[in-house]
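# Let's see this in three dimensions:
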Amino acid sequence: MPHWKITLTYDGTPYNGWQIQPALPTVQGTLAEAIHRITGETVLPQGSGRTDAGVHALAQVATFSLTAPIPANNLHRALNRALPPSIRVLSVETVPESFHARHSARRKTYEYRILPCNSPGDSEDRICSPMLAPYVWPCRLSLNLATLQQAATHILGTHDFSSFAASDPDLTTRNEAFNAENGEPTGNIRTIFHSTWHQRQDLFIYRVTGNGFLHHMVRNLVGTFVEAAANRIPADAIPDILAARNRSAAGPTAPASGLFLVEVEYE
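Okay, here's the model as predicted:
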């Protein structure tokens, strides 16, 4: 019974996130339907993480098992023919049955993209092209890149990120139960290995790597860094926000459109 690992990229704009939901378009559901059309088998691919509605992926990883013997190249071609253009499979390979896209992951890297629409020295606001708008945060605050970077360094290392977790108590309870069932950490302590901002052409880009991320964590971090870069809070307030362990201490949640899952690393 072959156990498959696939790496896929997708535009999250048309989907209500990764996780399958009744009567709503999701990446997981769309992938499961494509597999069923190809093989006649009903499987639920397991992803490395559950991206939210509107969040994109450059290299999401998913695993599933099939009873039908099918060459990897044939499955790869068939999936891309069966899937909509908003989802593309980059690679297909067989892996040991013990490999799990989520449980076996050791590090994940996300990227967040901001288009500053009110930069110092500009005579008028920059216009965000409709071709770019689904993939950035067109931010109208005047931002200082050096301050963004200064704020981002404060989260390096191991911390309790409760202040940057989603504030929905029902969702938190469901996530705790899910993690406990799957043998994953149930607390809010995570380790961040890399946290930097840089500029690429007109975009401010945040790249962060950690051993795991809480629901909305990256978007809440970005929203808080932007508050610092717009001089609404001091950049050195981040350690106090972490210590508060209270979502109300941090800044707003950045829009989903600017967030990309970039890489998932395994042993």
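
# tell me which element residue 220 falls in.
Element membership of residue 220, judged by DSSP states H and E, is helix 217-229.

# meant to ask about residue 263, not that
With DSSP H and E as the test, residue 263 turns up in strand 259-266.

# Tell me which other helices or strands that strand touches.
The helices and strands touching strand 259-266, judged by 3 or more C-beta pairs under 8 Å, 6 or more residues apart in numbering; DSSP states H and E, are strand 56-65, strand 105-116. Just so you know, the C-beta spots here come from the backbone N, C-alpha and C atoms, and that holds for glycine as well.

# Distance to residue 216 for those strands - can I get that in CSV?
CSV is the format used below for the helices and strands packed on strand 259-266 (distance: least, C-beta to C-beta, whole Å):
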stretch, distance to residue 216
strand 56-65, 16
strand 105-116, 12
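
# who wins for proximity to residue 158 among those?
strand 105-116 (13.7 Å; C-beta to C-beta).

# all helices in the stretch 101-250 of the chain, in order from the N-terminus.
Ranges of helices in the stretch 101-250 of the chain, per DSSP state H, counting those that start in this stretch, are 145-152, 169-181, 217-229, 238-244.

# How about residues contacting the last one?
Outside of helix 238-244, the residues that reach it under the criterion C-beta atoms under 8 Å, 6 or more residues apart in numbering are 151, 154, 155, 159, 160, 161, 163, 164, 224, 228, 249, 250.

# give the contact list for the nearest residue to residue 24 once chain neighbours are set aside.
Leaving aside its chain neighbours, residue 24 sits nearest to residue 16 (4.3 Å; criterion: C-beta to C-beta, 6 or more residues apart in numbering). Each residue near residue 16 by C-beta under 8 Å, 6+ apart is listed here: 24, 25, 26, 53.

# Show me which of these is closest to residue 35.
Among the contacts of residue 16, residue 26 lies closest to residue 35 (C-beta to C-beta), at 14.1 Å.

# ok, that closest one touching residue 12?
No - the criterion here is C-beta atoms under 8 Å, and residue 26 misses it with residue 12 at 9.9 Å.

# Neighbour count: these two, which is higher?
Shown here are residue 26 and residue 12; by other C-beta atoms under 10 Å, residue 12 has more neighbours (27 against 21).

# and the gap between the more buried one and residue 25?
Distance of residue 12 to residue 25, computed by C-beta to C-beta, to the nearest Å: 11 Å.

# And residue 17, by the same measure?
For residue 17 relative to residue 25 (C-beta to C-beta), the value is 10 Å.

# Compare these two and say which one has the larger neighbour count.
Taking neighbours as other C-beta under 10 Å, residue 17 and residue 25 compare with residue 17 leading, 19 against 15.

# And the pLDDT for that one?
pLDDT recorded at residue 17 is 96.

# Show the contacting residues for it.
26, 27, 50, 51, 52, 53, 54, 55.

# cool, residue 167 as well?
When contacts are counted by C-beta under 8 Å, 6+ apart, residue 167 touches 247, 248.

# The strand holding residue 263 vs strand 105-116, what angle?
Relative orientation of strand 259-266 versus strand 105-116 (axes from the mean of the first three to the mean of the last three C-alpha atoms, to 10 degrees): 160 degrees.

# what sits up against strand 259-266?
Contact partners of strand 259-266, identified using C-beta under 8 Å, 6+ apart, comprise 48-49, 51-52, 55-61, 99, 101, 104-113, 135, 207, 218-219.
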